[in-house]
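[1] curious how this folds, go ahead:
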Amino acid sequence: MKVIFDKPELLSAVTTALGAISSRHDNPVLECLKITAEEPDRCRITSYDNEKGFNIDINANVLSSGAALINAQRFYGMVKNMPSDITFECKPNMTASLTSERSTYEIQYQDPKLYPNIADISGRQSFTLLQSQLRDVITQTMFAIAENNDRLQLNGAYFVVDNGYIHVVALDGLRFAERMIHDENIVKTNIEVAVDTEVKFIIPKKSLAEVIKLLDDPDEKITVVKARRHVMFRVKNVTFHTALIDGDYIEYRRFIPKNETTTAIVSTAALRDSLERALFITEYREAGRLKAPVKLNFYDGVLNVSSVSSSNKVSEDIQAVKDGDDLEIGFNCKMLLDTFRVLESDKIKLKLTTPLSAMAMTPVEDGDDSFLYFTFPTRITESF
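    Model (predicted):
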């Protein structure tokens, strides 16, 4: 095999492909990229880690066809340091060379037959939407995905898609995130099942992190294809596939707070900025350190945000349109702030029931189901 690559295009492809390379494998083959050159002007870069993988097609001048397995990290380092266009050539002695101007690297390669036989993912359901819409529903829920929870389904985001909407949910036991986008241009395609069947699946958090990296053109569409156990994302010259988390998602609606006794409408930015300042003060019980939550105190026209640590304190009043009982409630500041860092609305409605019940965060307008967040509180001690 002998191929001439444009350096920036090759480097971009390899950088993306590294997202499915892991060094924590007993099989060293999975630390490799598979480089395949069959067409006269195209080359494919493949990576796979037994759970997720990339196929990236790039332009190339293929002088002779073939395939090879190259250690991904070493290949990336070599390509990155080359001065310009790169000639990649595999020689009979299992040694490959990378030449650019007067620079030459040599690297051992492996037989491509050793690479796992990745099953062809043929989806029964697929849908298309704008990249900006997919980015929004992921980034605005991903923070609430659990880490290494015994209930495996909570370690991913739950997607439900039909003609006209995409709905994503995440729940880690202490906080909840739900994001809905209504758009008639969100459409299912290539359906091989009943037309009225929703597309449902659970994607692992680490796979979502790779999807976000692909969404670099908000006005362009992306196609998502769901197979039985995998889902595939197609955008431009890149195809990313990942195994899904098996099983049914938790019946989350039973956890949503109801029958609130206190509501308050506040400026999202004002409360977010106040929580950022409180975060500087708050400490949490870790190796015997003092636990210092952030305290929200709702009373006449005011929301007071305060925190006291072993040697510092902060207190700030922000305007609030309150209805119902006065109420004081404490939170882990970082966990509450994670929600406010993804909110884009100018104002938000806070719904509370008791100091020990979750606080819900919803749009101000009744009937708007574009998002719902809630976070469970922490008990406020007397010393606080």
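[2] Glu198 - nearest residue in space that isn't next to it in sequence?
    Asp162 (4.7 Å; Cβ to Cβ, 6 or more residues apart in numbering). From N, CA and C alone the C-beta is placed, and that goes for glycine too.
[3] which residues touch that neighbour?
    Contact partners of Asp162, counting by Cβ atoms under 8 Å, 6 or more residues apart in numbering, are Lys188, Glu198, Val199.
[4] mind listing which of those residues are in strands?
    Members of the contacts of Asp162 lying in strands (criterion: DSSP state E): Lys188, Val199.
[5] give me the low-pLDDT residue ranges for the chain?
    Where the chain drops to pLDDT under 70, the residues are 23, 25, 119-120, 123, 190-196, 283-291, 381-384.
[6] show me how it divides into domains.
    Following automatic domain parsing, one finds the domains of the chain at 2-114, 125-252, 257-375.
[7] neighbours of Glu220, how many?
    12 (other Cβ atoms under 10 Å).
[8] you'd agree it is up against Gln133?
    No. Between Glu220 and Gln133 there is no contact under Cβ atoms under 8 Å: 11.2 Å.
[9] need the overlap of contacts for those two.
    The contact lists of Glu220 and Gln133 share no entry, where a contact means Cβ under 8 Å, 6+ apart.
[10] for the residue nearest to Thr362 when sequence neighbours are not counted, which three-state class applies?
    With Cβ to Cβ, 6+ apart as the criterion, Thr362 has its nearest non-adjacent residue at 5.0 Å, and that residue is Lys349. Per DSSP: H, G, I helix; E, B strand; the rest coil, the secondary structure class of Lys349 is strand.
[11] Lys349: how many residues sit nearby?
    What Lys349 shows, counting by other Cβ under 10 Å, is a neighbour count of 20.
[12] beta partners for the residue lying closest to Tyr115 once chain neighbours are set aside?
    Spatial nearest neighbour of Tyr115, excluding adjacent residues (Cβ to Cβ, 6+ apart): Lys34 at 5.1 Å. In this entry, Lys34 is beta-bridged to Thr46, Leu69, by DSSP bridges.
[13] now Asn297
    In beta-bridge terms (that is, DSSP bridges), Asn297 pairs with Asn304, Glu328.
[14] and the helix or strand where Val79 lies, how far out from the chain's middle?
    Applying DSSP states H and E as the criterion places Val79 in helix 72-81. Taking Cα atoms, centre = their mean, to the nearest Å, one finds helix 72-81 lying 26 Å from the centre of the chain it belongs to.
[15] tell me the buried residues in that helix?
    Ala72, Phe75, Tyr76, Met78, Val79 (16 or more other Cβ atoms under 10 Å).
[16] measure the last one to Leu18 for me?
    This points to Val79. For Val79, the distance to Leu18 equals 11 Å [Cβ to Cβ, to the nearest Å].
[17] helices along the chain, start to end?
    Applying DSSP state H to the chain gives helices spanning 7-17, 72-81, 131-139, 205-214, 268-279, 333-342.
[18] relative to helix 333-342, how tilted is the longest one?
    Interaxial angle, helix 268-279 versus helix 333-342 (axes from the mean of the first three to the mean of the last three Cα atoms, to 10 degrees): 150 degrees.
[19] show me where the stretch 101-250 of the chain has strands.
    103-110, 125-130, 156-162, 165-171, 175-182, 187-189, 199-204, 221-226, 230-235, 238-243 (DSSP state E, counting those that start in this stretch).
[20] still on that earlier bit, need the helices of the chain in a markdown table (columns: distance to Lys113).
    Converted to a markdown table, the helices of the chain look like this (distance: least, Cβ to Cβ, whole Å):
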| stretch | distance to Lys113 |
| --- | --- |
| helix 7-17 | 20 |
| helix 72-81 | 18 |
| helix 131-139 | 36 |
| helix 205-214 | 27 |
| helix 268-279 | 54 |
| helix 333-342 | 46 |
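[21] export the longest strand along the chain as CSV, just CAs?
    Scanning the chain for the strand with the most residues, using DSSP E, yields strand 313-324. Taking C-alpha atoms only, strand 313-324 is exported to CSV below (Å, rounded to 0.1, in the frame of the first residue of the first chain):
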residue,chain,number,x,y,z
LYS,A,313,-19.2,33.2,54.3
VAL,A,314,-21.2,34.7,51.4
SER,A,315,-24.7,36.2,51.3
GLU,A,316,-26.5,37.8,48.4
ASP,A,317,-30.1,38.9,47.7
ILE,A,318,-31.6,38.5,44.2
GLN,A,319,-35.0,39.6,43.1
ALA,A,320,-37.7,36.9,43.0
VAL,A,321,-41.4,36.9,42.2
LYS,A,322,-42.6,34.5,44.9
ASP,A,323,-46.0,32.8,45.4
GLY,A,324,-46.8,30.7,48.4
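[22] list the buried residues for it?
    So strand 313-324, judged by 16+ other Cβ under 10 Å, has buried residues Val314, Glu316, Ala320, Lys322.
[23] and stretch 129-142, by the same measure?
    Leu129, Leu130, Gln131, Gln133, Leu134, Arg135, Asp136, Val137, Ile138, Gln140, Thr141, Met142.
[24] before we move on, the earlier item: enumerate the beta-bridge partners assigned to the residue nearest to Glu198.
    Tyr165.
[25] going forward can the numbers begin at 56, since that is how I track them
    I'll keep to 56 as the first residue from here, and by that count the last item is Asp217.
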